[in-house]
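1. Please work out how this folds:
(one chain, ligands or ions: 1)
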Amino acid sequence: MLVRTPRHRLIAFVLPLVAATVVTSCATNPATGKKELSLMSEGQEIAVGQEMDAQVRREMGVYNDPGLQRYVETVGMRLARASERPNLPWHFTVIDEPAVNAFALPGGYIYVTRGILPFLNDEAQLAGVLGHEIGHVSARHSAQQYTKATTAGVGLTLLGIFVPETRPLQEAAEQALGVLFLKYGRDDELQADTLGVKYAARGGWDPHGVAGMLTTLERLDEASGSRRGVPNWLSTHPAPADRVQKVQAAIQEAERTEVGTSGAAERTDRTGFERHVDGIVYGDSPSDGIVRGSQFLHPDLRLALSFPQGWEIQNSAAQVVAKAPERDDYMLLQLVQSPSGSVEQIARGTMGDAGFRQLNGEPTRINGMDAYVGTYQGTLQGLGNVVVMAAHVVHERNVYMFAGIAPPNDFSGVQRQFTSSIGSFRGLSREEAAGIHPNRVDLYTVRGGDTWPSIAERTGGGVKPSTLAIMNNHAPSQPPRPGERIKIVVAG
Ligand SMILES: [Zn+2]
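-> Residues are numbered from 1 along each chain as shown. Presented below is the predicted three-dimensional model:
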């Protein structure tokens, strides 16, 4: 997302100060009933959650669909009331992120991304995701993880100006968000699954929703293979292969104890769920910039540029990065923080501050914009020695750095591609910007002869056939059934 208007800055989550004053005490874990060392009081948990929630909302953005927000909150509140901590000030928010994710902060702040919703099949699966995250809070996993992260200093060093300490594709996004996407251990995950099942059953939903959503998320993770860098639900929730199977025992238990005793119907409510997901933005949204083929377009910031053909592009929170296939050559677009002085001073200053030595450079103009293009040498963690060709470009009120990064041996081979991409940086006209629309989810009834590839192609190629299958509760090898109502993605 790089440059999310109006939040034009690199994401930099800073741990609230309250963490420095945590007091150790022994308390009873509300979800397990066991005595354990507790590093945070409930009041502290809530204070931490509140403070970090403000940052989540500011940096990631809340998805603008009040009806959908109310719906998720209603489902969430019913689950939370069925938990062991019904009186926490629970909050449920759909954030404006394309990644498939859900997470919890201490004190009862639960988030799902808009990106996870199209992959859920019905309300029972939504209840499964929310119930799982509620489980992390009610069993105090999030508070414990937070305390660990704080004492270990994780997340305290955050993004500097120039992909500091990064392997650009793998870690940049996760580092920036590392504090939020706390990683839980296997036991915590299994426990959260079990608690999710229990809350869903108590709330009147079919507890199989938990297994269903785990299956979908595992298929998705398998299909995404090596695509790293965007933190998704399974990278933040390390998944033992037997998780779907393990949760079956909890489901049977819940069906015996919860469903039986409450006498509640086991709702799935697919139709109600679909109505809320119909029309939701899929993938990048214009306010975050959109990747189309090898192009990156940002209608709000009114800029466009092309990466080299065939490079894999990742539009993440702090930057847009493209990687050459099978080589350690990268291109990177970032916003320069609080620039001052001439573009030449800004370029030399920021590169120097990042520890880079200048080899050459000169002021120039790129498609009518003031710029400074220079070559620099230095080191990046994870890549070692690199040569960087960086263009600092002034566009409207911002200064951007658009850079090619390569190991010294590769540089001369890739230099021409860097130059050509840098030369593609241009402003967008008002009309061009207004014509850029996001892809959206739509509902469709499968006809005879339809296949996942034919449906994907007919709807504009906004989504891969295998993703379409997974989105509709199918393995990619299972064809859609005629008459089946499915979610599709229509091009903007
Ligand atoms: Zn989890």
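2. Low-confidence stretches in the stretch 151-300 of the chain?
-> 151-183, 224-241, 259-265 (pLDDT under 70).
3. Could I get the full set of strands for it?
-> Assigned by DSSP state E, counting those that start in this stretch, the strands in the stretch 151-300 of the chain fall at 281-282, 290-292, 295-298.
4. hey, which of those is tucked in deepest?
-> Most buried of the strands of the stretch 151-300 of the chain, by mean neighbour count (mean count of other Cβ atoms under 10 Å): strand 281-282, with a mean of 25. Using the backbone N, CA and C atoms, a C-beta is placed for each residue, glycine as well.
5. what's that strand packed up against?
-> strand 439-445 (3 or more Cβ pairs under 8 Å, 6 or more residues apart in numbering; DSSP states H and E).
6. what's the closest non-adjacent residue to Asp284?
-> Once flanking residues are discounted, Asp284 sits nearest to Ile290: 4.4 Å by Cβ to Cβ, 6 or more residues apart in numbering.
7. hmm, I was thinking of Glu484
-> Nearest residue to Glu484, sequence neighbours excluded (Cβ to Cβ, 6+ apart): Val446, at 4.6 Å.
8. Show the contacting residues for that neighbour.
-> Going by Cβ atoms under 8 Å, 6 or more residues apart in numbering, Val446 touches Ile455, Pro480, Arg481, Pro482, Gly483, Glu484, Arg485, Ile486.
9. ok, now with 7 Å
-> Pro480, Arg481, Pro482, Gly483, Glu484, Ile486 (Cβ atoms under 7 Å, 6 or more residues apart in numbering).
10. Give me the buried subset of those residues.
-> Pro480, Ile486 (16 or more other Cβ atoms under 10 Å).
11. List just the nearest of the contacts of Val446 to the ion.
-> Ile486 (27.6 Å; Cβ to the ion).
12. Run me through the strand neighbours of the helix or strand hosting that closest one, direction for each.
-> For Ile486, the host element (DSSP states H and E) is strand 485-490. Using DSSP bridges, strand 485-490 pairs in its sheet with strand 439-445 (antiparallel).
13. Buried residues of the partner strand, list them for me.
-> In strand 439-445, counting by 16+ other Cβ under 10 Å, buried: Asn439, Arg440, Val441, Asp442, Tyr444.
14. what's the spacing between the last one and the ion?
-> In this case it means Tyr444. In this view, Tyr444 and the ion are 32 Å apart by Cβ to the ion, to the nearest Å.
15. is that residue in a bridge, and if so with what?
-> Ile486.
16. and if you look at the first one?
-> Partner residues in beta bridges with Asn439, using DSSP bridges, are Tyr282.
17. I'd like to know how far it sits from Leu88.
-> 36 Å (Cβ to Cβ, to the nearest Å).
18. same question, Pro325
-> 48 Å.
19. more neighbours, these two?
-> Leu88 (21 against 9; other Cβ atoms under 10 Å).
20. Check the residue nearest to Ser466 when sequence neighbours are not counted and give its pLDDT.
-> Of all residues not flanking Ser466 in the chain, Pro476 sits nearest, at 3.9 Å (Cβ to Cβ, 6+ apart). Model confidence at Pro476, expressed as pLDDT, equals 91.
21. Determine the three-state secondary structure at Pro476.
-> coil (DSSP: H, G, I helix; E, B strand; the rest coil).
22. Quick check on it: phi, psi?
-> phi -60, psi -20 (degrees, to the nearest 10).
23. That one: neighbouring residues, count only.
-> Pro476, neighbours per other Cβ under 10 Å, totals 16.
24. List the contacts of Ala80.
-> Contact analysis of Ala80 by Cβ under 7 Å, 6+ apart lists Pro86, Trp90, Ile134.
25. Let me know the distance separating the residue nearest to Glu484 from Ala456.
-> Val446 is 13 Å from Ala456, where distance means Cβ to Cβ.
26. any idea how far Val94 is from Arg114?
-> 6 Å.
27. Those two: who's more crowded?
-> Per other Cβ under 10 Å, whichever of Arg114 and Val94 has more neighbours is Arg114, with 26 against 23.
28. Identify the residue spatially nearest to the more buried one, adjacent ones excluded.
-> Tyr63 (4.6 Å).
29. Check the gap between that neighbour and Val94 for me.
-> Distance, Tyr63 to Val94, using Cβ to Cβ: 4 Å.
30. tell me, what's touching the two both at once?
-> Contacts common to Tyr63 and Val94, judged by Cβ under 7 Å, 6+ apart, are Arg114.
31. right, and Val197 touches Gln252 too?
-> No: at 9.6 Å, Val197 does not count as touching Gln252 under the criterion of Cβ atoms under 7 Å.
32. Check which helix or strand the residue in the stretch 351-492 of the chain positioned nearest to the ion maps to.
-> Of the stretch 351-492 of the chain, the residue with the smallest distance to the ion, taken as Cβ to the ion, is Ile470 at 19.6 Å. Using DSSP H and E, Ile470 sits within helix 465-471.
33. Check the average confidence over that helix, would you?
-> 92.
34. Tell me which other helices or strands that helix touches.
-> With contacts taken as 3 or more Cβ pairs under 7 Å, 6 or more residues apart in numbering; DSSP states H and E, helix 465-471 sits against helix 208-224, helix 452-458.
35. quick one, which of those helices is nearest to Asp278?
-> helix 452-458 (16.3 Å; Cβ to Cβ).
36. who's in contact with that closest one?
-> Under the contact criterion Cβ under 7 Å, 6+ apart, helix 452-458 has outside partners Val463, Lys464, Pro465, Leu468, Ala469, Pro479, Pro480, Ile488.
37. Just the buried residues of stretch 88-96, please?
-> Applying 16+ other Cβ under 10 Å to stretch 88-96 flags Leu88, Trp90, His91, Phe92, Thr93, Val94, Ile95, Asp96 as buried.
38. Revised request: answer the last question for stretch 184-194.
-> In stretch 184-194, counting by 16+ other Cβ under 10 Å, buried: Tyr184, Asp188, Glu189, Leu190, Gln191, Ala192, Asp193, Thr194.
39. Hmm, Ile251 and the last one touching each other?
-> No: Thr194 sits out of contact with Ile251 when judged by Cβ under 7 Å, with a separation of 9.3 Å.
40. Any idea how many residues pack against Met60?
-> Residues near Met60, counting by other Cβ under 10 Å: 22.
41. For Ile46, see how far away it is.
-> 20 Å.
42. same question for stretch 392-401, mean pLDDT?
-> 93.
43. which residues sit against it?
-> Contacts with stretch 392-401, where a contact means Cβ under 7 Å, 6+ apart, come from 8, 301-303, 333-336, 339, 343, 346-347, 366, 369-372, 390, 402, 425, 427.
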